[in-house]
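# I would like to see how this sequence folds:
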Amino acid sequence: MVVVVHGGLSEKDFLAFDTLIRACEMAREVMREKEAIDGVESAIKILEDDPRLNAGTGSFPNLLGEIEMSASVMKNDYSCGGVAAIKNVKNPISVARAVMEKTRHILLVGEGANLFASLLGFEPYNPVAELTIETLKESICEAEKEKNPIYHCYLEKAREKLRETHWGTVGAVAKDEKGSLAAGTSTGGVKMQLPGRVGDSPLIGCGTFACPFGAVSMTGEGEEIIRWGLARRIGEWMEKVDAQKAVNMGIELAREKKIFCGVIAVNSQGEIGWGANGGILPLAYWKKEMEEPLCMLTNNS
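Next up, the predicted model:
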């Protein structure tokens, strides 16, 4: 059994290593009786529930001051599901898994995603936290300086929302004792995002990918990760090279294309890999032979 989790790229001191450790521990316990997908979901739910991280509680707001979250999951048999621009749920990763298991679809968005969650009994939840408010203040300041006038159109509504009330994405990859692989990614978006913006996290092959060769979770500049389909590339490279080599190839491509990103991966042999080409990627991992999970910071730039 193997599990790796990340807390999103950061340019500041990372203060949530305790949560990364708990996420690994939870996945370890869950996978002793269940599958890799159960470990991934349980780990990401812990990450989503930490208000210091940009996913679930504490997600970044858009320029209307609203929280629109996205998440996806995928298994090595190519089963997958995701939600985008979903509001007022506690754990988007669980709704994404429900899309995979209870529908014939892969991605539900906006009002449709919220209706689906409601019909399945996911309770309404307000994900606003201190990180949300701080990020909205920063977004307003940046929008005021923005030369593109479209951003100015949202400012008054954003200020109203503020009166009312880091690059960040979280993810996990895992392999269970039976050899099943799974990956999941969850995010609250980016600073100064327009309402309805969707990044790489809920898109299969972009922010999340799993196949018979490996499982991958990405974080960073979502639009550019989408453009180059980085998670799929790294996942498929693991057919011929080990996990770390595949990650290194992905980071080299990202550097060539000037994409700011981070990645974690595990292959079918249980070998793990990680890397980042800007900022710092905090992560934790655990393997069956280890007594306790190990935390670290990585940067390949």
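
# tell me the first helix or strand C-terminal of the lowest-mean-pLDDT helix or strand in the chain.
Of all helical and strand segments in the chain, the minimum by mean pLDDT, DSSP states H and E falls on helix 155-164, at a mean of 61. Next helix or strand after helix 155-164 toward the C-terminus (DSSP states H and E): strand 170-175.

# next structured bit after that next one?
Using DSSP H and E, the helix or strand that directly follows strand 170-175 along the chain is strand 181-187.

# for that following strand, the distance to its chain's centre please.
Its chain's C-alpha centre and that of strand 181-187 lie 7 Å apart, by C-alpha atoms, centre = their mean, to the nearest Å.

# that strand packs against which elements?
Where contact means 3 or more C-beta pairs under 8 Å, 6 or more residues apart in numbering; DSSP states H and E, strand 181-187 is packed against helix 36-48, strand 69-75, helix 92-102, strand 170-175, strand 208-211, strand 214-220. Quick note: C-beta positions are derived from backbone N, CA and C, even for glycine.

# strand partners of it, parallel vs antiparallel please.
strand 69-75 (antiparallel), strand 170-175 (antiparallel) (DSSP bridges).

# now do the buried residues in the helix or strand following the first one.
Next in sequence after strand 69-75, counting helices and strands by DSSP H and E, comes strand 80-86. By neighbour count with 16 or more other C-beta atoms under 10 Å, strand 80-86 contains the buried residues Cys80, Gly81, Gly82, Val83, Ala84, Ala85, Ile86.

# quick one: contacts for the third one?
Contact partners of Gly82, counting by C-beta atoms under 8 Å, 6 or more residues apart in numbering, are 70-73, 96, 99, 106-108, 202-204, 208.

# hey, what's Ser72 bridged with?
Gly82, Thr185.

# give me every residue that touches it.
By C-beta under 8 Å, 6+ apart, Ser72 lies in contact with 80-83, 96, 107, 184-185, 201-204, 207-208.

# farthest pair in those residues?
Leu107 and Gly184 (14.2 Å; C-beta to C-beta).
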